[in-house]
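Trainee: Fold the following.
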Amino acid sequence: MNPSPSLVAIDIGNSRTNIALFESGALIKSDFLPSSAEYLERLCNTAEKWRSQSPFEYVVAASVVPALGDLMNTLVENQLGITPIMVEDFKTELMPLRVDRPETVGVDRVVNCYAAAHLYGCPAIVVSLGTATTFEAISPDGEYLGGAIAPGVKISLEALTQKNRSSPSRYMEKTQGYHREKYTGPHAVWYLLWNRQLN
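Mentor: Residues are numbered from 1 along each chain as shown. Take a look at the predicted model:
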């Protein structure tokens, strides 16, 4: 593989799907859409538009929704003529997973930890704020030691306002114009590919 490939990274979460274009290790563009079959088609259209402006060689994808991951794989192959590199296929090889059932650890959690270890070093506590809030522990030797999952911020606030009438019901919604250059998901997938130099 070219040591500085151009690629598109796709991160399919429970609520949101993120897409990012990288050239020579630099983030060029990024966008996000709701996670659904309908929007995956739009996501592929976005990638096709990007390719007409900045050709890329690879698509790397991580999905916590198996059905959407399978659909995305098919759409990318049919529309872009590229077979995506699916992180799920080798997530247990990224770092030692010191848990009873390594295969059950979500691919998003493994990728976040892998990226944190390479970006910031070990030991580390990795926190991800999404549909759920996840906490992960990485040992000084770069081993995944386990983690915990809690309701996400939005879900927790909605539950709080439903149960407690005195609590404020307003909360901030992220806007489409929110700057996402430092968003973990696409960067995590990029570093995963960059460091392993997949073939």
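Trainee: all strands for this structure, in order.
Mentor: When secondary structure is read from DSSP state E, the chain shows strands at 7-12, 16-23, 26-34, 58-63, 85-86, 124-129, 132-138, 144-151.
Trainee: For the last one, enumerate the helices and strands it packs against.
Mentor: Right, strand 144-151. helix 107-120, strand 132-138 (3 or more Cβ pairs under 8 Å, 6 or more residues apart in numbering; DSSP states H and E). Backbone N, C-alpha and C define where each C-beta goes, glycine included.
Trainee: Out of the ones you listed, which one sits most buried?
Mentor: Among the helices and strands packed on strand 144-151, helix 107-120 has the highest mean neighbour count (mean count of other Cβ atoms under 10 Å), at a mean of 22.
Trainee: okay, that one in CSV with CA atoms only?
Mentor: What follows is helix 107-120, C-alpha atoms only, in CSV (Å, rounded to 0.1, in the frame of the first residue of the first chain):
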residue,chain,number,x,y,z
VAL,A,107,-15.7,-2.2,17.0
ASP,A,108,-16.2,1.5,17.8
ARG,A,109,-14.8,1.0,21.2
VAL,A,110,-11.7,-0.9,20.0
VAL,A,111,-11.0,1.6,17.3
ASN,A,112,-11.3,4.6,19.7
CYS,A,113,-8.9,2.9,22.1
TYR,A,114,-6.5,2.0,19.3
ALA,A,115,-6.5,5.6,18.1
ALA,A,116,-6.1,7.0,21.6
ALA,A,117,-3.1,4.8,22.3
HIS,A,118,-1.4,5.9,19.1
LEU,A,119,-2.3,9.6,19.4
TYR,A,120,-1.8,10.2,23.1
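Trainee: relative to strand 124-129, how tilted is it?
Mentor: Between the axes of helix 107-120 and strand 124-129, defined by axes from the mean of the first three to the mean of the last three Cα atoms, to 10 degrees, the angle is 130 degrees.
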